[in-house]
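K.L.:
Got a predicted structure here, sequence first:
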Amino acid sequence: MTTVHERVDTFHDNDQKPVGYGRMLRKEDPRFLRGRGRYVDDVQLPGMLHLAILRSPVAHARIVSIDTSAAEASPGVKAVVTGAMLAQQNLAWMPTLSNDVQAVLATDKVRFQGQEVAFVVAEDRYAARDALELIDVEYDVLDPVIDARRALESDAPLIRDDLDGKTNNHCFDWETGDEAATEAVFARADVVVSQDLVYPRVHPAPMETCGAVADYDAVDGKLRLWSTTQAPHAHRTLYAIVAGLPEHKIQVISPDIGGGFGNKVPIYPGYVCAIVASIVTGKPVKWMEDRSENLISTGFARDYIMRGEIAATRDGRILGIRTNVLADHGAFNGTAAPVKYPAGFFGVFTGSYDIEAAYCKMTAVYTNKAPGGVAYACSFRITEAVYLVERIVDCLADELGMDPAELRLKNFIQPEQFPYTTKTGWVYDSGNYEPTMRLAMEMAGYDELRREQAEKRARDELMGIGIAFFTEAVGAGPRKDMDILGLGMADGCELRVHPTGKAVVRLSVQSQGQGHETTFAQIVAEEIGIPPSDIEVLHGDTDNTPFGLGTYGSRSTPVSGAAAALVARKVRDKARIIASGMLEVSVADLEWEKGAFHVAGDPGRSVTIQDIALRAHGAGDLPEGIEGGLEAQICYNPSNLTYPHGAYICVVDIDPGTAQVTVRRFIAVDDCGTRINPMIIEGQVHGGLTDGVGMALMEMIAFDEDGNCLGASLMDYLIPTSLEVPDWETGFTVTPSPHHPIGAKGVGESATVGSPPAIVNAVVDALKPFGVRHADMPLTPSRVWDAMRGQARPPI
Amino acid sequence: MQVPAPFEYERATSVDHAISLLERLGGTARLIAGGHSLLPMMKLRLANFDYLIDINDLHGELGYVEAGPDEVRIGALTRHRELLESPVLATAFPIFADAERVIADPVVRNRGTLGGSLCQADPSEDLSAVCTTLDARCVIRGPGGAERVVSMEEFHVGPYETAVADDEILVEIRLPVRPGCGSAYAKVERRAGDWAVVSAGAAVWLDGGAIVDARVGLAAVGPNTTGIPAISAALRGREPSESLYEQAGAIAADSCDPVTDQRGSADYKRHLAAELTRRTLRRAVERARS
């Protein structure tokens, strides 16, 4: 294993490689910067109608009656559809990604505020919206279950009476690790620290809300669906299953997507409504939800109530970690995660530490809140896991009177222990944690920061330094372990080199801003020697790309990136044979360098990949047994996840009079293995860190006791701006993945996973003079002030 | 995309034209200037008006900051950005620039207006607190050019409710000018551009070493922005001091009536009322002295 560590790499690192990895401006940016991006809402089709959804104003109620007559008579209205009408076609309910069911339109009851009740199709979106107000729904309001802690009480109202035999709000139980072994290490530990933690419900809030344009052609039976999806192929298959349409007659097109963060993984009722509406009316139908609809009804994230326990020796050797989790899954279990992992990858809660035992017991419940649960760049619940472990490690450091950096350094899994199997069964592929940690400390000037903090404390000024060290698990995943509703998580990729030596690579994954059109061109370029500018990257259209499971869980580079490299190598292998014919030498006598094969020992005798491409499509002879053309296709099944890691250090100042937190500095050292385009990596990290500031300091989807969502607009649900974040200080180390063809590990969610605990740890560190050991997110001024007075309390 | 209910729209060509339209349309019509509060409410269908009368073309008539010997007069259509950049206000009432720097964002400040801010009558609104602090007079014009002048206390009659009748327009704000003035504004917000958790404005008038008069205005701690006469009474005739600011802060905390919401607990807001009163008084005195 090689570990390289440097603070920055610069644009000229591409000088030595005319093609391939290195800093390169994004190929997609010119169209975005010039306003030429094409999003779902930009799709305009002749005769297109518009759909608007009537949503429940209450969290829990029985539907007594729905009168649509006035809406049907409203000007411009073409159709009004209720759940009862869908039920006649057996379409009122649909499967969720977690093998639960979810109402497309409510038939019996509404189960969360904002749930879909009916829809209107009209000539324009104003007429559709106006007609919603004319639908008269009579509700028999029921008591809601809002606090997950109440859900399993014997007198709690039953939410899911639609499920046969269901008598309570229990969703599932899950456990991992070894309970008895963990109990044993806790029993003999010198020190045990326990801490209750809440990771509140937050929302991904992508700039573009969700929507679709459905165009069903009754003559040829083909459905074209433009939709805001991170997983177009998986959606196509699920529509085939749900709607009973033949899969070859469904084309899902995911055009430019204005941010996903997991919010666009599920299939939402609105997409299905748009399809139904197009079939019913015979016209193309557009549905674009508004901001409030996005915030109140689409996939939320987190909502874990956790107890973390950590056992250690007096000198700071961590022995075991134990946790008990109450998970709020909302009204329907809409979690998007591999089916064998109902808690996502929360099992990596043992973090980056070599410990003796671990155990987790989780109970998930239904509540009268929107469904979802895995979203917001969380790597399938690793956000929650890393927050848990990094917070309780800090609590332990506090208990032991140890520096939190020293405690972490003392307990890291050591480089020679990789591949390392954790006590919950995860096989970390590679890692070298100490250099990453040391680099972050050096960049931060850690010792100097601690000196400054001591001086400030003497003057009653509040300054905090917070550390988080994370190990991520990304790139789902090996098909032997991982599938979503039976679909294996392998990715196809196809590469064609045209006669003039230009190429097109077709991906199964879809970009929502990650820069795939650049990164994947660079991966192919590195392997085959065609400049990235000569490689077109196609994605997001199921009729024109190979099957794969989509972009989420930081899986694009670990899975499809591997596929792109391997398909390029396959093409290169064929090119080598053609080159041997052109140069009249044996394949073994050829050497490959910078886009050309030359005869070993005679660099003057060479053919470029462009020469070979022309020959492959030309009239001349090819070596025996070689078909014309220069293209290949593969499907890559990863043998393991990849495990990026990183060390984050946050410095905060708190105004002692107002309790306002300022993030003064943030140092992020990421190790995502081989770095393809460092500029894009830094962009991903900057975005994730900003997300982290939002979650740590301001974001929360709150509800009142009646189940009204209190975060239904961006005035109420705050997301951070450039004014809340510092100039990010990024660095990197490189520990390649041993099993990935190019050693890359994925980085899309690392910063979202790693930054919240660093910020919370910094705030708690700043509040140490007040005896504070923990305070839950969001650390708004009011909540920080509570903590300063010894009155820190959970946000829910 | 959130879409409002149907409405009709007309651009006013003069103040009198706008008033004549209001006379005809009454309470079914609403003036629109910057629109940064009105349009979101309409899109959320919290506000539904049959007519919008756009007065943005009246900026020539109603957009100005003019200094007179006894008062500064500001046209109701003066934009936030113009208030922020006004040299007249920077000299006479730096509280304006303090407040404007923390109002929304540059895009909103380019279009939002002083009159719109006051007429929205949001209890958390910053310029209402500034005008309360400076004892502003509001000039309201009605049919036939009739004008009446009311105090801020009279102007705001409740949350989102003002003394401006259906056929009237707020045309001007008048700020009395007295010697020895210093003023300052401070706001605590959860995030840049958010409404205030609590904000406070303070103005003091010094003669020699003593406080001739002092005023404090608070936002987001009651049904309207709140002036606190008891602070004025406690400070008049006294020498500025930390203990005096403490006393004023305590009065502010006692005098306000905050509620617990997503922005913070009532206790915290009461604490901020005291803290921000102290801070703004301290700063106002520093400015009065310099």
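P.N.:
Noted; the coordinates are in hand.
K.L.:
Pull the number of nearby residues for residue 250.
P.N.:
All of this refers to chain A. The number of residues packed near residue A:250 is 23, by other Cβ atoms under 10 Å in any protein chain shown. All C-beta atoms are positioned from the backbone trio N, CA, C, and that covers glycine.
K.L.:
was after chain B, sorry
P.N.:
If you count neighbours by other Cβ under 10 Å, residue B:250 ends up with 16.
K.L.:
now residue B:198
P.N.:
For residue B:198, the tally of surrounding residues (other Cβ under 10 Å) stands at 32.
K.L.:
and if you look at residue B:32?
P.N.:
Neighbour count for residue B:32, taken as other Cβ under 10 Å: 20.
K.L.:
isn't it right next to residue B:52, touching?
P.N.:
Yes: taking Cβ atoms under 8 Å as the contact criterion, residue B:32 and residue B:52 are neighbours in contact, 4.8 Å apart.
K.L.:
pLDDT value on residue A:376, please?
P.N.:
You'll see residue A:376 listed with a pLDDT of 80.
K.L.:
who's in contact with it?
P.N.:
Residues counted as contacts of residue A:376 (Cβ atoms under 8 Å, 6 or more residues apart in numbering or on different chains) are A:202-204, A:261-263, A:300-302, A:383, A:691, A:695, A:752.
K.L.:
could you redo the last one with a cut-off of 10 Å?
P.N.:
Under the criterion of Cβ atoms under 10 Å, 6 or more residues apart in numbering or on different chains, the neighbours of residue A:376 are A:202-206, A:260-263, A:299-302, A:383, A:691, A:694-695, A:699, A:749, A:752.
K.L.:
Considering only the residues you listed, which also neighbour chain B?
P.N.:
The overlap between the contacts of residue A:376 and the neighbourhood of chain B (criterion: Cβ under 10 Å from any Cβ of the partner chain) consists of A:694, A:699.
K.L.:
Which of the contacts of residue A:376 fall within helices?
P.N.:
Assignment to helices by DSSP state H places the following of the contacts of residue A:376 there: A:383, A:691, A:694-695, A:752.
K.L.:
with those in mind, which one is nearest to chain B?
P.N.:
Chain B has its nearest neighbour among the ones in helices among the contacts of residue A:376 in residue A:694, at 8.8 Å by Cβ to the nearest Cβ.
K.L.:
isn't that closest one right up against residue A:779?
P.N.:
No: Residue A:694 lies out of contact with residue A:779 (Cβ atoms under 10 Å); the separation is 11.3 Å.
K.L.:
overlap in contacts of those two?
P.N.:
Listed contacts common to residue A:694 and residue A:779 are residue A:759; contacts here mean Cβ under 10 Å, 6+ apart.
K.L.:
where's the residue in the stretch 1-150 of chain B positioned nearest to chain A relative to residue A:203, distance?
P.N.:
Nearest residue of the stretch 1-150 of chain B to chain A, counting by Cβ to the nearest Cβ: residue B:2, 4.3 Å away. Between residue B:2 and residue A:203 the computed distance is 17 Å (Cβ to Cβ, to the nearest Å).
K.L.:
So which of the ones in helices among the contacts of residue A:376 wins on neighbours?
P.N.:
Using other Cβ under 10 Å as the neighbour definition, those reach their maximum at residue A:383, which records 33 neighbours.
K.L.:
Buried among the contacts of residue A:376? Make that a PyMOL selection.
P.N.:
PyMOL command restricting these to the buried ones, with burial defined by 16 or more other Cβ atoms under 10 Å in any protein chain shown:
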select buried, chain A and resi 202+203+204+205+206+260+261+262+263+299+300+301+302+383+691+694+695+699+749+752
